[in-house]
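Engineer: Build me a model:
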Amino acid sequence: TGYLDGKLDFGGEMAFTLPRGETALFLGGRCDNVANFEGRLDEVALYDRALSSEEVAAHFKASGLSAPATPSVNQ
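Structural biologist: I've put the predicted structure just below:
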């Protein structure tokens, strides 16, 4: 599950490929430039458990930030 600005952005399942016993985690682009984050990965938090939607919203609220305004369709 992924959240953006404290709100659900996407959900689903994905394959987990971390080898048994590995402790390092890399967040970034691939060396072949396929599926890169294009510099858009910022303020990442990882937890050892799944957070509830309410916890995610509370973390975002505590940050003091606000989500960017969504332009109206008529603009």
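
Engineer: Sketch out the helices for this structure, chain order is fine.
Structural biologist: 53-63 (DSSP state H).

Engineer: ok now the lowest-mean-pLDDT helix or strand in the chain, how far from the chain's centre?
Structural biologist: Lowest on mean pLDDT, DSSP states H and E among the helices and strands of the chain sits strand 2-4, with a mean of 84. How far strand 2-4 lies from its chain's middle: 5 Å, per C-alpha atoms, centre = their mean, to the nearest Å.

Engineer: Can you give me the buried ones in it?
Structural biologist: residue 3 (16 or more other C-beta atoms under 10 Å). Every C-beta, even on glycine, is put in place using the N, C-alpha and C of the backbone.

Engineer: ok, which stretches of the protein are strands?
Structural biologist: Listed in chain order, the strands of the chain (DSSP state E) span 2-4, 7-10.

Engineer: So, low pLDDT: which residues of the chain?
Structural biologist: Residues of the chain meeting the criterion pLDDT under 70: 39, 71-75.

Engineer: most centrally placed residue in it?
Structural biologist: residue 2 (4.8 Å; C-alpha atoms, centre = their mean).

Engineer: Any idea which of the strands of the chain gets closest to residue 23?
Structural biologist: Nearest to residue 23, of all the strands of the chain, is strand 2-4, at 23.2 Å by C-beta to C-beta.

Engineer: neighbours of residue 56, just the number please.
Structural biologist: Residue 56 has 20 neighbours, counted by other C-beta atoms under 10 Å.

Engineer: do the same with residue 51
Structural biologist: If we define neighbours as other C-beta under 10 Å, then residue 51 has 14 of them.

Engineer: re earlier: could I get the strands of the chain as TSV with distance to residue 69?
Structural biologist: Below are those laid out as TSV (distance: least, C-beta to C-beta, whole Å):
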stretch	distance to residue 69
strand 2-4	14
strand 7-10	14
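
Engineer: Which of the ones you listed sits closest to residue 26?
Structural biologist: Using C-beta to C-beta, the strands of the chain put strand 2-4 closest to residue 26, at 17.6 Å.

Engineer: helices or strands up against the closest one?
Structural biologist: The criterion is 3 or more C-beta pairs under 8 Å, 6 or more residues apart in numbering; DSSP states H and E, and the helices and strands that strand 2-4 contacts are strand 7-10, helix 53-63.

Engineer: Lovely, talk soon.
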